[in-house]
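J.: quick one, structure for this:
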Amino acid sequence: MTVKDNHLISYASSLYSKIPKYIDNISLKNGKIVISTRSDYVNLLENFLHNHVACQYFILIDMTVIDRLTGKRRFELVYFFRSLMFNNIILVQLFTDGLTPISSLTSQMRGASWLEREIWDMFGLAFSNHPDLRRILTDYGFQGFPLRKDFPLTGFIEVRYDDESKRVIYDSLELSQEFRFFDFQSPWQNSEFHKNT
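T.: Numbers count the residues shown, from 1 in each chain. Just a heads-up that it's a prediction; the model follows:
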């Protein structure tokens, strides 16, 4: 364990001692502090990380979602905060079922607006109190959420141009897939090179 890791562990334990109510779990992964919290505490936790003199996490670098596909709380939402004062990045994660809205951070951090819209558009996670929650990357009439693991790879509709009617046509997509047998044996196993080595 390095000196930096020891410093981060002591910093994480001091954070936990200050706000134990808002933190479910705190750990160290890949040289970053990871805080697990509940969706009702996101605003309060971010407010603490932003305003406390020992934190000063003023920048929301990114937000991302991990879709686990199974379980009651299948989505893991991760916030990446940066403190320029202490040259440190902290991750805040929470788990949600995808149906319960998550408190928006737009009133505290303006940069959260576009990131939350992207997550709404790609994963379908709603944010309460967001001033402009609408699609940002897909088309207006797009149905579904393309980065969910249960979204079909080809989508639900097919768009094509019809030369006869001189217009764009939207058709329901039907894919028939035959049963395929996969041979997982390596083609190199029976080669002359493999036998000689």
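J.: part of a strand, is residue 117?
T.: No. Going by DSSP: H, G, I helix; E, B strand; the rest coil, the assignment for residue 117 is helix, not a strand.
J.: what is the burial count for it?
T.: By other C-beta atoms under 10 Å, the residues close to residue 117 number 19. For glycine as for every other residue, the C-beta is placed from the backbone atoms N, C-alpha and C.
J.: contacting residues for residue 12?
T.: Going by C-beta atoms under 8 Å, 6 or more residues apart in numbering, residue 12 touches 26, 27, 28, 33.
J.: now do the third one, the pLDDT please.
T.: As predicted, residue 28 sits at a pLDDT of 91.
J.: how much space between it and residue 66?
T.: 19 Å (C-beta to C-beta, to the nearest Å).
J.: cool, residue 2 as well?
T.: 27 Å.
J.: cool, residue 89 as well?
T.: From residue 89 to residue 66 the distance is 18 Å (C-beta to C-beta).
J.: which parts of the protein are strands?
T.: 25-29, 32-36, 59-67, 75-83, 88-96, 102-103, 127-128, 157-162, 167-172 (DSSP state E).
J.: for residue 113, which of these is the nearest?
T.: Nearest to residue 113 among these is strand 127-128; the distance by C-beta to C-beta comes to 9.4 Å.
J.: that closest one - contacts with which helices or strands?
T.: Where contact means 3 or more C-beta pairs under 8 Å, 6 or more residues apart in numbering; DSSP states H and E, strand 127-128 is packed against strand 102-103, helix 112-123.
J.: distance to residue 141 and mean pLDDT added to these, as a markdown table?
T.: Shown next, in a markdown table, are those (distance: least, C-beta to C-beta, whole Å; pLDDT from 0 to 100):
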| stretch | distance to residue 141 | mean pLDDT |
| --- | --- | --- |
| strand 102-103 | 25 | 94 |
| helix 112-123 | 13 | 96 |
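J.: mind naming the longest helix for the protein?
T.: helix 3-18 (DSSP state H).
J.: centre of the chain versus it, how much separation?
T.: 25 Å (C-alpha atoms, centre = their mean, to the nearest Å).
J.: tell me the angle that helix makes with strand 25-29.
T.: Relative orientation of helix 3-18 versus strand 25-29 (axes from the mean of the first three to the mean of the last three C-alpha atoms, to 10 degrees): 170 degrees.
J.: show me which residues of helix 3-18 are buried.
T.: 8, 11, 12, 15 (16 or more other C-beta atoms under 10 Å).
J.: want to try JSON lines for the strands of the chain, with mean neighbour count as columns?
T.: JSON lines is the format used below for the strands of the chain (neighbours: other C-beta atoms under 10 Å):
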{"stretch": "strand 25-29", "mean neighbour count": "12"}
{"stretch": "strand 32-36", "mean neighbour count": "17"}
{"stretch": "strand 59-67", "mean neighbour count": "16"}
{"stretch": "strand 75-83", "mean neighbour count": "19"}
{"stretch": "strand 88-96", "mean neighbour count": "19"}
{"stretch": "strand 102-103", "mean neighbour count": "20"}
{"stretch": "strand 127-128", "mean neighbour count": "16"}
{"stretch": "strand 157-162", "mean neighbour count": "10"}
{"stretch": "strand 167-172", "mean neighbour count": "9"}
